[in-house]
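Asks: need a structure here:
(2 chains)
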Amino acid sequence: DQQVKQNSPSLSVQEGRISILNCDYTNSMFDYFLWYKKYPAEGPTFLISISSIKDKNEDGRFTVFLNKSAKHLSLHIVPSQPGDSAVYFCAASVQGNKLVFGAGTILRVKS
Amino acid sequence: GAVVSQHPSWVICKSGTSVKIECRSLDFQATTMFWYRQFPKQSLMLMATSNEGSKATYEQGVEKDKFLINHASLTLSTLTVTSAHPEDSSFYICSAHGHGSYNEQFFGPGTRLTVL
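Replies: Below you'll find the predicted structure:
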C-alpha cells in the first residue's frame, strides 16, 4: 500500500518559470510533511517542511502548500534554475516517527 | 547544518562475503538512525530503525539476520550485509535524527554496493 504518491515521474520546466511538484497521501494520520532533493549517487537533502496545522510554508524560492481535505501537497519553485534539476521526494510522518517517501519526481530545468 | 557521513561511498565484493557500512553523525548526537535502501529509479525504502544502545527495529520483509545493525554510540551506526548476493546490490543510505530535529532526518551521502 503506497501511502505517499508522486504521480508524475518527471517534469520539465524552462529556466525562470515556476516548477510545481505534486504529492498525494492516503494516511490521514500524517502530521508532518517534508520535501527532499536528491542528486544521483548522493543522499537526499532536506528542502522544506510543513506541519499539518499549516497550509503554507515559504522559504526563499521554495513554497510548500498543504491541502488536508484533498490529502495533497505541492512544492513550488520560483524562479526555477538549472541547478534545481534533481529528483524531488516528498515524505510524510506521524508524530515524528519514520518517514514514508513517495517515488520521486525528476525535475529538469532547461536553460 | 547537521552532517552525516557514510563509509565507504562505494564497495564491490564477491558473493558470499560480508560488507560493513558505517554511518556517522559528525556534529550532533543522533538518538535514532535509519537505514534505507534505494533501487534504481525507485523511492527510498526504510529497512530498519536503530536506537542507540538497543536492538534495531526492522521493517516487514527485511531479514534481520542478513542485515545486521549496530548502534553502539550516539554518533555511529553500522549496517553489515552478511553473505551478500547479487540481489543485495543497491544504494544504501542512512539518516540520523537528533534531539533537536523532531521531524527532520539528515541523510548521509549513501553507499553503492555491488555484489559480483
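
Asks: use CA for all of it now, contacts and neighbours both
Replies: OK.

Asks: Secondary structure element for the residue lying closest to B:Gln105 once chain neighbours are set aside, which one?
Replies: Nearest residue to B:Gln105, sequence neighbours excluded (CA to CA, 6 or more residues apart in numbering or on different chains): B:His97, at 5.0 Å. Assigned by DSSP states H and E, B:His97 belongs to strand B:90-98.

Asks: Can you list the strands that that strand pairs with?
Replies: strand B:30-38 (antiparallel), strand B:106-107 (antiparallel), strand B:111-115 (antiparallel) (DSSP bridges).

Asks: Check these for me and report the most buried one.
Replies: strand B:106-107 (a mean of 26; mean count of other CA atoms under 10 Å in any protein chain shown).

Asks: Give me the mean pLDDT for that strand.
Replies: Averaging pLDDT along strand B:106-107 gives 90.

Asks: Stretch B:54-66 now?
Replies: Averaging pLDDT along stretch B:54-66 gives 92.

Asks: any idea how far the closest residue to A:Tyr36 other than its chain neighbours is from B:Ser18?
Replies: Leaving aside its sequence neighbours, A:Tyr36 sits nearest to A:Phe46 (CA to CA, 6+ apart; 4.6 Å). Distance, A:Phe46 to B:Ser18, using CA to CA, to the nearest Å: 31 Å.

Asks: what does A:Ala92 give?
Replies: Counting by CA to CA, the gap from A:Ala92 to B:Ser18 is 33 Å.

Asks: quick one: which of those two has more around it?
Replies: A direct count of neighbours by other CA atoms under 10 Å in any protein chain shown for A:Ala92 and B:Ser18 places A:Ala92 higher, at 27 against 15.
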